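Student: I'd like to go over a predicted model; first the sequence, then the structure.
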Amino acid sequence: MAYPFQITSVEQYKEYYKKSIESPELFWDEIARNFHWKKKWETVLEWNFTEPRVRWFEGAKLNITENCIDRHLETAAQRTAIIWEPNDPSEAVRLITYDDLHKNVCTAARMLKNLGVNKGDRVCIYMGMVPELVFTVLACARIGAIHSVIFGGFSAQSIADRIQDAQATFFITCDGAFRGEKTIPLKSIADEALTLTDSVKKVIVFRRTNSQIEMKAGRDVWWHEAMNEAEQQLSAEGSISFPAEEMDAEDPLFILYTSGSTGKPKGVVHTCGGYMVWTTFTFVNVFQYNPGDIHFCTADIGWITGHSYIVYGPLCAGATVLMFEGIPTWPDAGRLWDIVQKHRVNILYTAPTAIRSLMTFGTSPFQEKDLSSLKVLGSVGEPINEEAWHWFSEHAGNNQCPLADTWWQTETGGIMISNLAGITPSRPAWATLPLPGVQPVLVDENGNEVITPDENGYLKGNLCIKAPWPGILRTTWGDHERCRKNYFATYKNLYFTGDGAWKDAEGNYRITGRVDDVLNVSGHRIGTAEVENAINQHPAIVESAVVGFPHDIKGQGIYAFVVREPQSVSSRPDEDATRNEIVQTVARIIGPIAKPDKIQFVSGLPKTRSGKIMRRILRKIAEGDTSNLGDTTTLLDPSVVDEIKKGRL
Ligand code: WT7
């Protein structure tokens, strides 16, 4: 057994699960002992879901980076921590040992200190997928600064909103990022964002693409120069290490913004102790990681999947992770398989949208690829359809590798419902069983537990969780009330996930998708209200309503129903020109990921007498299911519905 908390049989899973529910404090006390703490906790768990207030390992002191790095130095300093595969396969791979990681993180920590970053300060990180991104994240954690990583696909306005909300004082970026054949001008996007806010004092720029950029005197510094200086200081002091700040278990570790059903993204806050225990425990058990295995997670560190299963979980477990800068379809659709073959990857964790996009290229990209190193496959981000499940199992896994369908959220910090690879049974399109410590419950609209199975024997309802697990979010940055309202107020004493689910008689869960006004586009969460707000910024637009529709590759596409100003309708007969401008407006305000796929101009939206848009009807029309629109008697003007049906794209 590789890890003291590794579950190695179904019986052991059941035993662990039972204990975790009957005596959670005892259970997590024993798991947490396997980590390095500077001081032990006084209480394991204290909680109520009404405020909400959740405290894990109260009184304990730690620094997560000592668990990610220092702890492995004695026995595994020369083990590879990160294998970095560049965007362009002809460029050299970088291998970073735990020793190298230690040096780089300590130097970066020193650099941040030199620039004036202190414990508790918020540091925005807007970088491509380069190892320096991991160094920066861990350097923040080392000195107790709170990182807020922003995905490289977000626009200047979205960055500015996140800087503003967190009142970030430091910003770390790259000149640019390579992504397939494109170069993303990160620094110039950042410059624009920084004109919209004023809290940032210093900007550090890592040179990656050699793009022409402007460095603002007094504000911007080059990474390589500042790192050089820090390195010299460390060596002059005769030290290779930089001390790790002593953090309370409940001190914030990071903020990660995610979309909700209303307005602006919320800053989900995770704390040091519980998040560390949860990501490591779930990493080892779900993927059945064994020392020496090579774990390849294709996510970007700009999302929670990258935080938890590229950085914190694997590194705390002393794993070797493969970090990929590029995209699965460039230079060709065999790129992932080339990487698997080249580095003898053992675990491949990816998203249904990537699988579906690769499916369109057929099986020729697999020809002459040796994928025999693969032992475990994983999927995350959205419900995986059976076709994609089978295709992935067959062509990547040669029908020999267990596939873990992992359901979780930014807010849950780590995997919540999943089969444990090769230990508990998998089932196509089903996430299956809850991890130890997770108590799901399905409720109806009134919050009553669903207890009557349907004709197929399934319970169907809204997915809630009854009690805290160590990785649960603690708050939303700067607005605890928002956290309460969003997650803990819909149903009394329950955490509400926003997802619908089914449960079978054996206790397996199938997640069916969001039940709130949140879309899941290519595994990325996008709030309909956010897209509507962006569309409405276009001067010719009166109002809009955004819903999802089934999309072959993205899972859900974005369908916008848009009402134009009467003058613009008559003066701009070229509808496509306006459509194009709307798409550009959304890309400018949110980012390219939120661009609508379809824009239908309508003369009015279906509204109730009280003025509420009836999205249910629009959703049905967008899905192409117009035969039965349900009850339309409460509509103010039922005639708009016929017009919208006729004009459907
Ligand atoms: C939402 C969370 C968790 C990291 C990536 C997304 C959907 C996620 C699954 C799955 C069905 C899934 C849910 C969830 N989702 N994984 N295996 N099966 N649905 O994180 O952006 O916080 O989105 O993604 O709808 O609520 P996120």
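Tutor: In hand now; what should we look at?

Student: where does the prediction get shaky in this structure?
Tutor: Low-confidence segments of the chain (pLDDT under 70): 1.

Student: flag every residue of it that's near the ligand.
Tutor: Contact residues (Cβ under 6 Å from any ligand atom) of the chain with the ligand: 258, 304-305, 380-383, 405-410, 431, 497-499, 511, 513-514, 520, 523, 525. Bear in mind the C-beta positions are built from the backbone N, C-alpha and C, glycine included.

Student: mind telling me which residue of the stretch 151-300 of the chain is nearest the ligand?
Tutor: Closest approach of the stretch 151-300 of the chain to the ligand (Cβ to the nearest ligand atom) occurs at residue 258, with a separation of 5.3 Å.

Student: quick one, phi/psi of that residue?
Tutor: Note on residue 258: backbone dihedrals following degrees, to the nearest 10 are phi -150, psi 150.

Student: contacts only, for the spatially closest residue to it that is not a sequence neighbour.
Tutor: Nearest residue to residue 258 in three dimensions, chain neighbours excluded: residue 410, at 4.3 Å (Cβ to Cβ, 6 or more residues apart in numbering). Applying Cβ atoms under 8 Å, 6 or more residues apart in numbering to residue 410 gives the contacts 256, 258, 268, 303-304, 473, 525.

Student: inside strands: which ones of those?
Tutor: 256, 258, 268, 525 (DSSP state E).

Student: now that we have those, which one has the most neighbours?
Tutor: In terms of neighbours by other Cβ atoms under 10 Å, these top out with residue 256 at 26 neighbours.

Student: specify the beta-bridge partners of that residue.
Tutor: residue 268 (DSSP bridges).

Student: pretty sure it sits against residue 268.
Tutor: Yes: if you go by Cβ atoms under 8 Å, residue 256 and residue 268 touch, sitting 5.2 Å apart.

Student: and stretch 59-71, what's buried?
Tutor: For stretch 59-71, burial by neighbour count (16 or more other Cβ atoms under 10 Å) applies to 60-71.

Student: please report the distance of the spatially closest residue to residue 283 that is not a sequence neighbour from the ligand.
Tutor: Excluding the flanking residues, the one nearest residue 283 by Cβ to Cβ, 6+ apart is residue 313, at 3.4 Å. Counting by Cβ to the nearest ligand atom, to the nearest Å, the gap from residue 313 to the ligand is 12 Å.

Student: circling back to that earlier point, and the buried residues of stretch 59-71 as JSON lines, adding secondary structure?
Tutor: Shown next, in JSON lines, are the buried residues of stretch 59-71 (DSSP: H, G, I helix; E, B strand; the rest coil):
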{"residue": "60", "secondary structure": "coil"}
{"residue": "61", "secondary structure": "strand"}
{"residue": "62", "secondary structure": "strand"}
{"residue": "63", "secondary structure": "coil"}
{"residue": "64", "secondary structure": "helix"}
{"residue": "65", "secondary structure": "helix"}
{"residue": "66", "secondary structure": "helix"}
{"residue": "67", "secondary structure": "helix"}
{"residue": "68", "secondary structure": "helix"}
{"residue": "69", "secondary structure": "helix"}
{"residue": "70", "secondary structure": "helix"}
{"residue": "71", "secondary structure": "helix"}
